[in-house]
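> Could you look at this predicted model? Sequence included:
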Amino acid sequence: MRTLAVATVRLWFAGILALIFLAPPALSAQPVDRLDRSAAMSLIPLAPAEFEYEWNARLAAALQVATEPFERAALRARWAQGYLDYEYFRWRDGGHLASIDWQARTAAIDAVDRNDPALLALPPHRAFLNAWVRAEARRLLRSDPARRVGNVVWLNAAFEVVERNVSNPTVRDAVLGQELLTFIDENGAKGVQPLLERFDRIAADRDAVAAAWQAYQTQLDAEHDHLVEIYKVVGPASLAVHIFRPEGAPARRAPAVLWFHGGSGDTGAWSHCPAFCRRFRELGLVVLQVEYRTYQRFDSTPLDALADARSAVRWARANAPRLGLDPQRIAVAGFSTGATLAAQTLTVDGFDDPDDDLAVPARPDAAVLISGCYEPEADAYYRRVLDGQADLARLSPVVLAGPGLPPSLVIHGRADRTCEFEAAERFVTAAAGSAHMIALAEQPHFFVFSAPPARREALDATTAFLAEAGWIDRPAP
């Protein structure tokens, strides 16, 4: 099999060399930057055979003028990543699955030396390795349902891909070390320890091991200064709420807010709360930061996340007397995907966990929504993941909103290109007086991180909203 694979790659490169001389002038004149991600995505409408011809011709043209070995290696990495990007985005945007044995894809990947430590210095090569690990982990999870059960399923798959395909210890340690750091940063530390211990056993790069342990410990330390309670068990894994009770909050019947983090449903951790959780605590609200299922941890879908959000609201309401919360003042809040989930708890009926007590209301009493997507059915990935699983209109806050919703504050940047500002406007209009909009001029999706003045405006609007709703005392003028 290995001999056949080598022969296939050699034949493939013979074809590439032929293209150098046979490609039409219009193709061979393509600039080098036409091998980047945007270039590959522009070719998504092409059928695989057409993409293959065009993309290979662009590499051939670029190799004509590239003389340095590292420059040529960077071109091959960009070219191979183009196949991965084309495969993924063609599925996401159009539902077209490439053949599992697409030889052009295999040959492109095998043309990149994944065992040369010197190539780690090239950003295009590192970008290719990252895309390759994601693509192969995704294929591995799709091929075996047993791998999609438990916690940190994506990281488990990534480890298997790297250990199976990368033999050079320097490259293996660099890739696995970065995967661990990225996963912990984006998803938290829960469930990571077995893989971290495995990395500790096999890695020669002790600095990489130490960095991974330090990132893990930092995340663990963040859990020691507050109450953590399990609100739900999913298979072998548990989901927790992290409860922060501010000084001065009433011992009984304190208002509370459940925070749902962002991350596109792919990543995210309970601790990801840009400034708003701190403001809620300063105002005297008990803050419950919620863990919910995401793709990288659980290979989950948006329906799983919605079921978790509804479970969390029910749990908070059912446990309010024990926790000293007011069961009639349970709010939700979130950023990006978290805001979408929060808006769905306001508007969606059904999609409950079968173990939930349906007698406990899952609709919150108020909401603060930052940079949410209120027409998730318009998103290609959302449609693709849920294809055939649900009527998407039943998940759309814009479609479902109407008079009589709990009071809501919608904070959105007018320049948001991730979640459309116009959809936020449609949601507020549909809510017919129940929702109030704060439109931030010229602000993008991630204004909470990038624009301190806009963030302050959003935080002050949140304070005013809660005072107007009677949840807090009005601040002194």
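Here it is on my side, so go on.
> wouldn't Val112 be in contact with Ala127 here?
No: Val112 is beyond contact range of Ala127, at 11.2 Å (criterion: CB atoms under 8 Å). In this view, the C-beta of every residue, glycine as well, is placed from N, C-alpha and C.
> intersection of neighbour lists for those two?
Ala77 (CB atoms under 8 Å, 6 or more residues apart in numbering).
> More neighbours: the two, which one.
Val112 (21 against 16; other CB atoms under 10 Å).
> need the contact list for the more buried one.
73, 76-77, 80, 125, 128, 132.
> Same list, those, but as CSV with pLDDT please.
As requested, those are arranged in CSV below (pLDDT from 0 to 100):
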residue, pLDDT
Ala73, 96
Arg76, 96
Ala77, 96
Ala80, 96
His125, 97
Phe128, 97
Trp132, 96
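> which among those residues gets closest to Ala210?
Nearest to Ala210 out of these is His125 (CB to CB; 24.6 Å).
> which residues are contacting the helix or strand containing the closest one?
His125 belongs to helix 123-143 when elements are defined using DSSP states H and E. If you take CB under 8 Å, 6+ apart as the criterion, helix 123-143 is touched by 73-75, 77-78, 80-81, 84-85, 87-88, 100, 109, 112, 114, 119-120, 147-148, 153-154, 157-158, 160-162, 165, 175, 178-179, 299.
> Of those, which belong to helices?
Mapping the contacts of helix 123-143 onto helices (DSSP state H) picks out 73-75, 77-78, 80-81, 84-85, 87-88, 109, 153-154, 157-158, 160-162, 165, 175, 178-179.
> which of these count as buried?
73-75, 77-78, 80-81, 84-85, 87-88, 109, 153-154, 157-158, 161-162, 175, 178-179 (16 or more other CB atoms under 10 Å).
> So Val410 belongs to a strand, correct?
Yes: under DSSP: H, G, I helix; E, B strand; the rest coil, Val410 sits within a strand.
> my guess is it contacts His436, does it?
Yes: Val410 lies in contact with His436 (CB under 8 Å); the separation is 6.9 Å.
> more neighbours, these two?
Each of Val410 and His436 has its neighbours counted (other CB under 10 Å); Val410 has more, 24 against 16.
> Please, which helix or strand holds Ala211?
Assigned by DSSP H and E, Ala211 falls in helix 206-221.
> And the contacts of that helix?
173-174, 176-177, 180-181, 184-185, 188-189, 192-193, 196, 199-200, 203, 269, 271.
> The same query, at a cut-off of 10 Å, please.
For helix 206-221, contacts defined as CB atoms under 10 Å, 6 or more residues apart in numbering pick out 170, 173-185, 187-190, 192-193, 195-197, 199-203, 205, 269, 271.
> after it, next one along is what?
As the chain continues past helix 206-221, the following element, by DSSP H and E, is strand 227-234.
> Convert the C-alpha atoms of that next one to PDB, please.
Extracted C-alpha coordinates of strand 227-234, given in PDB (Å, rounded to 0.1, in the frame of the first residue of the first chain):
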ATOM      1  CA  LEU A 227     -19.400  27.400  43.800                       C
ATOM      2  CA  VAL A 228     -19.600  24.800  41.000                       C
ATOM      3  CA  GLU A 229     -22.700  22.600  40.700                       C
ATOM      4  CA  ILE A 230     -23.700  19.900  38.200                       C
ATOM      5  CA  TYR A 231     -26.900  20.800  36.500                       C
ATOM      6  CA  LYS A 232     -26.900  17.900  33.900                       C
ATOM      7  CA  VAL A 233     -25.200  14.700  33.100                       C
ATOM      8  CA  VAL A 234     -24.700  13.700  29.400                       C
END
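> and it, which residues are buried?
231-232, 234.
> same deal with stretch 109-116?
Buried residues in stretch 109-116 (16+ other CB under 10 Å): 109, 111-112, 114.
> Can you tell me which of these end up in strands?
Residues of the buried residues of stretch 109-116 located in strands (DSSP state E): none.
> of those, closest to Ala401?
Distances from Ala401 to those, taken by CB to CB, are shortest for Ile109, at 46.0 Å.
> which ones are touching the residue nearest to Asp387 when sequence neighbours are not counted?
Leaving aside its sequence neighbours, Asp387 sits nearest to Gly95 (CB to CB, 6 or more residues apart in numbering; 7.0 Å). Contacts for Gly95 (CB under 10 Å, 6+ apart) come out as 380, 383-384, 387.
> in this protein, which helix or strand is least confident?
None of the helices or strands of the chain scores lower by mean pLDDT, DSSP states H and E than helix 25-28, at a mean of 35.
> And the next helix or strand past that one?
Trace forward from helix 25-28 with DSSP H and E and the next one is helix 37-42.
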